[in-house]
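>>> Could you look at this predicted model? Sequence included:
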Amino acid sequence: MNVLAIDSTTERLVVAAEINGKYYEKISDENIKRHNGLLLEYVDDILASAGAVIGVFDVFAAVCGPGSFTGIRVGVATIKAFALALGKPAVAVDALELIGYGKSGEFIAAIDARNDNYYAAMIKDGETVWEKSVTKTEMLSYNVSVTYQTLPTKGEDIVAIAKKRAEKGLFESNLSPVYLKKCQAERMKDGD
């Protein structure tokens, strides 16, 4: 199965692909927040390295959040466009599931959402128990280990999750961003 996967939810853009059993990836440098300008260039670079064209992919995948509001939209829109234009399926990868991928037991996967807030998911034996926006104090009150997001995310894990979801037929008819709280502009408007 040939898969193209994008994670644009963090400061580091990750474009990863598996083509004919071979893995390819492009990752942006630290603190370069130009995902929209780099994304298609990275896809082109991967295709050139593989000697392939965009139609080679059987499945397209996006990390749909939680994470950077603008970044999520860039990745989701690109993957939706590829899937729609080529008539191929799309799968969603959850950023918190990605953090916990391959880990066992009970723990919290967490992404720093700034200002003492975290996007967090309680994961037990590979299954998500809950996912929400929490303060650090609330997150630590569960008395389980916390696995924090590291950058860049692992492209191999994104592709592996995407393949598993595709094999189970867990396709998205309308790939959408996952937001666990309002964006800053909405919070300011509402006086939060």
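Received, thanks. Numbers count the residues shown, from 1 in each chain.

>>> Okay, and the beta partners of the most centrally placed residue in the chain?
Centroid check for the chain by CA atoms, centre = their mean gives Val63 as the closest residue, at 2.1 Å. Beta-bridge partners for Val63, by DSSP bridges, are Val93.

>>> how much space between it and Lys168?
In this view, Val63 and Lys168 are 18 Å apart by CB to CB, to the nearest Å. To be clear about C-beta, it is placed using only N, CA and C from the backbone, and glycine gets the same treatment.

>>> Name the single longest helix found in the protein.
Using DSSP state H, we find that the single longest helix of the chain is helix 69-86.

>>> coming back round to it: the residue nearest to the centre of the chain and Val91 touch, don't they?
No. Val63 is beyond contact range of Val91, at 10.5 Å (criterion: CB atoms under 8 Å).

>>> Please enumerate the helices of this protein.
35-50, 69-86, 95-100, 136-140, 155-167, 184-189.

>>> which secondary structure elements does the longest helix of the chain contact?
Under the contact definition 3 or more CB pairs under 8 Å, 6 or more residues apart in numbering; DSSP states H and E, helix 69-86 sits against strand 3-7, helix 35-50, strand 59-63, strand 90-93.

>>> again, only this time at 10 Å
Other elements packing on helix 69-86 under the criterion 3 or more CB pairs under 10 Å, 6 or more residues apart in numbering; DSSP states H and E are strand 3-7, strand 14-19, helix 35-50, strand 59-63, strand 90-93, helix 184-189.

>>> do you know which of the ones you listed lies nearest Lys26?
Among the helices and strands packed on helix 69-86, the nearest to Lys26 by CB to CB is helix 35-50 (3.8 Å).

>>> Which other helices and strands does that closest one contact?
Using 3+ CB pairs under 10 Å, 6+ apart, the elements in contact with helix 35-50 are strand 3-7, strand 14-19, strand 22-27, helix 69-86.

>>> try 7 Å this time
Applying 3 or more CB pairs under 7 Å, 6 or more residues apart in numbering; DSSP states H and E, one finds that helix 35-50 makes contact with strand 14-19, strand 22-27, helix 69-86.
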